[in-house]
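In: with the input below, show me the fold.
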Amino acid sequence: MLWLKEREIACVAESVLNSEELDKSVAQLIVATRSDGYAQGYAECVQHVNNTLKVNRDTSKSATYGANTGAVLAALKAEFNSLQLPVMDLINVALQSEDHVAQLKEIFPDENEDPS
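Out: Prediction:
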């Protein structure tokens, strides 16, 4: 149990934070958030210009014209919130076994420990 306290929590956190699936999902969220922020900022700016100058600026040539950046961002947020990480599946299976510590040690071997 001491191993669980001293090593396991750090191993799980490290495995989650270093997972490819999490990296990919976060990268996609960053890009989508920037795109949505740009689109909303541009739309707000155009609205202010139109109101101030009493014009109706044509935005059909803007980079965000017709793009539903909010829907893309919402979909990626939902995907992130239901993200399944393979390491967590292994941990859940290990925790169901009678000797969960031994199972967890197989998943997260201690490099400093003598295997014999």
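
In: CA only for contacts and neighbour counts going forward, please
Out: Noted.

In: can you give me the helices in the protein?
Out: Secondary structure of the chain, counting by DSSP state H: helices at 2-3, 9-17, 20-53, 69-81, 86-96, 100-107.

In: export those to a markdown table and tack on mean pLDDT, distance to residue 60 and mean neighbour count?
Out: Converted to a markdown table, the helices of the chain look like this (pLDDT from 0 to 100; distance: least, Cα to Cα, whole Å; neighbours: other Cα atoms under 10 Å):
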| stretch | mean pLDDT | distance to residue 60 | mean neighbour count |
| --- | --- | --- | --- |
| helix 2-3 | 76 | 61 | 10 |
| helix 9-17 | 89 | 41 | 14 |
| helix 20-53 | 95 | 11 | 15 |
| helix 69-81 | 97 | 16 | 15 |
| helix 86-96 | 91 | 44 | 14 |
| helix 100-107 | 88 | 54 | 16 |
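
In: let me have the ones you listed in a markdown table, extended by distance to residue 62.
Out: Output for the helices of the chain, formatted as a markdown table (distance: least, Cα to Cα, whole Å):
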| stretch | distance to residue 62 |
| --- | --- |
| helix 2-3 | 57 |
| helix 9-17 | 37 |
| helix 20-53 | 9 |
| helix 69-81 | 13 |
| helix 86-96 | 41 |
| helix 100-107 | 51 |
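
In: relative to residue 63, which of the ones you listed is closest?
Out: With Cα to Cα as the measure, helix 20-53 is the member of the helices of the chain nearest residue 63 (8.3 Å).

In: which helices and strands sit right next to the closest one?
Out: Packing contacts for helix 20-53, counted by 3 or more Cα pairs under 8 Å, 6 or more residues apart in numbering; DSSP states H and E, involve helix 69-81.

In: can you name every helix or strand that the helix it packs on contacts?
Out: Partner elements for helix 69-81 (3+ Cα pairs under 8 Å, 6+ apart): helix 20-53.

In: how about the most centrally placed residue in the chain, what does it touch?
Out: Geometric centre of the chain, nearest residue: residue 26, 3.5 Å, by Cα atoms, centre = their mean. Applying Cα atoms under 8 Å, 6 or more residues apart in numbering to residue 26 gives the contacts residue 80.
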